[in-house]
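S.K.: This is a predicted model, with the sequence first.
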Amino acid sequence: MLNFTIRRLLLAIPTLIFISLVIFLLLEASPGDPLGDVPLTVPPEVKERMREALGLGQAWYVRYGLWLKQFFWVEPLYWFDSLFGTGFSDGMQRIISFQSRSPVFDVIAQRVPQTLTVIGMSYLVGVLIAIPIGIISAYRQYSWFDQIGTFVSMIGFSMPTFFTGVVLIIIFGVKLQWFPSVYDTTLVVRDWDSFLAQVRQMVMPVTVLALYNAAQISRFMRASMLDNLGQDYVRTARAKGLSERTVVLKHVLRNSLIPVVTVIALGLPAVFGGALITEQVFKVNGIGQLLITAIYANDIPMVLTVTFLFAILIVMFTLIADILYGVLDPRIRYD
């Protein structure tokens, strides 16, 4: 397992570099100018000096190489200096946003807590709901519980998150006024009242993403359970006199979780994609809103860095899914 993990990590390096090159070339070929909002009264020579200050006068391969150096060398050195008080990154240029003229990673670090709070809670709630629903729906196939679960799953999987978010805002935010329709990112939890306020404003965005995640995972869980419930080893376990609870939860569930774990691990990066829209709907000042704003402003360093971080998440969770697959299934050996 260790050798497999090392091989996959080494293979991930050229894969990520190739992905970053593709993203950079796509952004380079896209229309738009970072200085497009500069007033027309600015003289051309001043505008040209502004372009040179942003590094836009250099060839694309020079700017790409500079970004690689800053991402993989300068930024890690800066965070190392921040943790241990050293000065290895002194005088080195960090990745700077065209829009805010601030270091990109500093801006991302300010937005990450909001995104992780909403996404982490929604995915956890979605998984905790989906697995029991999938188990019960498979064990009681075609029962009223299975029919309701299938109906709700089809609704949750079919409707896009922005539509579900708008519906919840209209019903629970405008009509009933149970929950705030706009997420207050300035809220700081200091006491019980502020904690309740934080929970109230998280209910709707978490519900939107949790419903979408639970709909997908519960269907996979149900299908995997049905596939294993008809296997010979289940009949053998029952013939030995094992209780139905032991047969289902110990034998069937473990084998059924093997493909579901892969779906859960690979689905987490996809939740960030869904959060791009959900954060716009509920005005959550997170990574999704940051990326959308950067795209509108043609902020190439910000867009490139955020999308590349998403690519790292996908590669990382793919590796985690493969490792968990081998842990859950003793028949699979990578070494």
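M.R.: Great, that's in hand. Computed from a predicted model, the values in this text were never measured in an experiment.

S.K.: Low-confidence stretches in the stretch 151-300 of the chain?
M.R.: 270-275 (pLDDT under 70).

S.K.: mind listing the helices for it?
M.R.: Under the criterion DSSP state H, counting those that start in this stretch, the stretch 151-300 of the chain carries helices at the ranges 161-168, 192-229, 232-239, 244-246, 253-282, 287-296, 300-328.

S.K.: Also the stretch 1-150 of the chain?
M.R.: Counting by DSSP H, counting those that start in this stretch, the stretch 1-150 of the chain has helices at residues 2-29, 44-53, 60-69, 75-84, 104-139, 144-158.

S.K.: In terms of mean pLDDT, which of these ranks lowest?
M.R.: Ranked by mean pLDDT, the helices of the stretch 1-150 of the chain bottom out at helix 44-53, with a mean of 62.

S.K.: mind checking which of the helices of the stretch 1-150 of the chain is nearest V284?
M.R.: Each of the helices of the stretch 1-150 of the chain has some distance to V284 by C-beta to C-beta; the shortest is helix 104-139, at 5.7 Å. Placement of C-beta: from N, CA and C, glycine included.

S.K.: which parts of that closest one are buried?
M.R.: Neighbour-count burial for helix 104-139, with 16 or more other C-beta atoms under 10 Å as criterion, is recorded at 104-105, 107-108, 111, 114-115, 117-119, 121-123, 125-127, 129-131, 133-139.

S.K.: Could you check the helices of the stretch 151-300 of the chain and tell me which one is nearest G87?
M.R.: With respect to G87, and counting by C-beta to C-beta, the nearest of those is helix 300-328 at 23.9 Å.

S.K.: elements contacting that closest one?
M.R.: Packed against helix 300-328 by the contact rule (3 or more C-beta pairs under 8 Å, 6 or more residues apart in numbering; DSSP states H and E) you find helix 2-29, helix 104-139, helix 253-282, helix 287-296.

S.K.: now the angle from the third one to helix 104-139?
M.R.: Angle, helix 253-282 to helix 104-139, by axes from the mean of the first three to the mean of the last three C-alpha atoms, to 10 degrees: 130 degrees.
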